[in-house]
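> 3D model of this:
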Amino acid sequence: MAGSRRHRPGRPRRWAWWLLGAAGAVVVLAVGGTFLYIHVISGPTPAPLSLKPASRSSSPASAGESAATSVGGTWKIAAGSVVGYRVKEVLFGQNHVAVGRTSTITGHLTISGTSVTAAAFTVQMATIKSDESERDVQFRGRIMDTSAYPTGTLTLTKPIALGTLPVAGAVKGYTAVADLTLHGQTRPVTFPLSAERTSSEIEVSGSIPILFANWDIPNPSFTGFVTTQNHGVLEFLLKFARS
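Predicted structure coming up:
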């Protein structure tokens, strides 16, 4: 009896060490597994959407060709257009950039003389997808509530002066002023964009910083698992064909 009493005090300590060891193993597996998933299994983060003039094979237009004669008229969204988001997140201590994208976009722009006089675009928010289904569930649900706010829109509110049109295949920068509607909230935005014309299309790319609170968007952080910054980026690569 006396001998058994002497061993009892040690048992709780052994259980405590065992539990601490098990907890440590779980943490190591979680962090290690997350590192493996982010850096090996899921592959590299998609590069930001941008124009790639160096890859063009179309023949340059005459340098003296005017904007009015070559691009005047109405243009509509064409195949290959992409809109999405980029948000920096920390998953179990591992830095990562979450990227979601969609090609379900409608819209148009109108060019009169040497100015873009009108432009409007609509994205079906529920079609935006990332490489992680659970992230997409959160995006469509508590974050963007796509059942209540199914679309995001961007509408130009000030003409864009084109100036002298560069040759085909050359990229030129402009500044756009527009109203951006997300999560049922409309806010004015001013942002830079790059434009390029090919033999048959106009392509435009750019990005808009989004402070979530300005559009009443809940922070995407998921307590205990994923934390994100309080802002992200809306990025786009739009291709236009004559309507």
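
> use CA for all of it now, contacts and neighbours both
OK.

> What residues of stretch 154-172 count as buried?
Across stretch 154-172, burial judged by 16 or more other C-alpha atoms under 10 Å covers 154-157, 159-160, 162, 165-171.

> and these, which of them are in strands?
In this view, the buried residues of stretch 154-172 that belong to strands under DSSP state E are 154, 155, 156, 160.

> which stretches of the chain have low pLDDT?
Per-residue confidence for the chain (pLDDT under 70) gives these ranges: 1-43, 53-69, 92-93, 222-225.

> Tell me where it has helices.
With DSSP state H as the criterion, the chain has helices at 2-7, 10-36, 67-71, 133-138.

> quick one: contacts for residue 147?
Applying C-alpha atoms under 8 Å, 6 or more residues apart in numbering to residue 147 gives the contacts 140, 141.

> Residue 112 touches residue 70, doesn't it?
No. Using C-alpha atoms under 8 Å, residue 112 is not in contact with residue 70; the gap is 10.9 Å.

> Between these two, which has more neighbouring residues?
residue 112 (16 against 12; other C-alpha atoms under 10 Å).

> Against residue 217, how distant is the residue lying closest to that one once chain neighbours are set aside?
Closest residue in space to residue 112, ignoring its immediate chain neighbours: residue 72 at 5.4 Å, by C-alpha to C-alpha, 6 or more residues apart in numbering. Residue 72 sits 38 Å away from residue 217, going by C-alpha to C-alpha, to the nearest Å.

> Compare the two (neighbour count), which wins?
Using other C-alpha under 10 Å, the more surrounded residue of residue 72 and residue 217 is residue 217, with 20 against 17.

> check contacts around the more buried one.
Applying C-alpha under 8 Å, 6+ apart, the residues contacting residue 217 are 143, 144, 183.

> Break the chain into its domains for me.
The chain breaks down by automatic domain parsing into domains covering 2-39, 44-242.

> looking at those domains, which is buried most?
domain 44-242 (a mean of 17; mean count of other C-alpha atoms under 10 Å).

> Determine how far that domain lies from the middle of the whole chain.
Remark: domain 44-242 is offset 8 Å from the chain centroid, using C-alpha atoms, centre = their mean, to the nearest Å.

> Apart from its neighbours in sequence, what residue is nearest the residue most central in space within the chain?
What sits nearest the mean C-alpha location of the chain, by C-alpha atoms, centre = their mean, is residue 85, with 1.3 Å. Nearest non-adjacent residue to residue 85, counting by C-alpha to C-alpha, 6+ apart: residue 234, 4.6 Å away.

> Please verify my assumption that residue 171 contacts residue 194.
Yes. Contact status for residue 171 versus residue 194: in contact at 6.3 Å, counting by C-alpha under 8 Å.

> Can you tell me how far residue 91 is from residue 227?
For residue 91, the distance to residue 227 - C-alpha to C-alpha - is 7 Å.

> Overlap of the contact sets of residue 171 and residue 194?
Common neighbours of residue 171 and residue 194 (C-alpha under 8 Å, 6+ apart) are residue 51.
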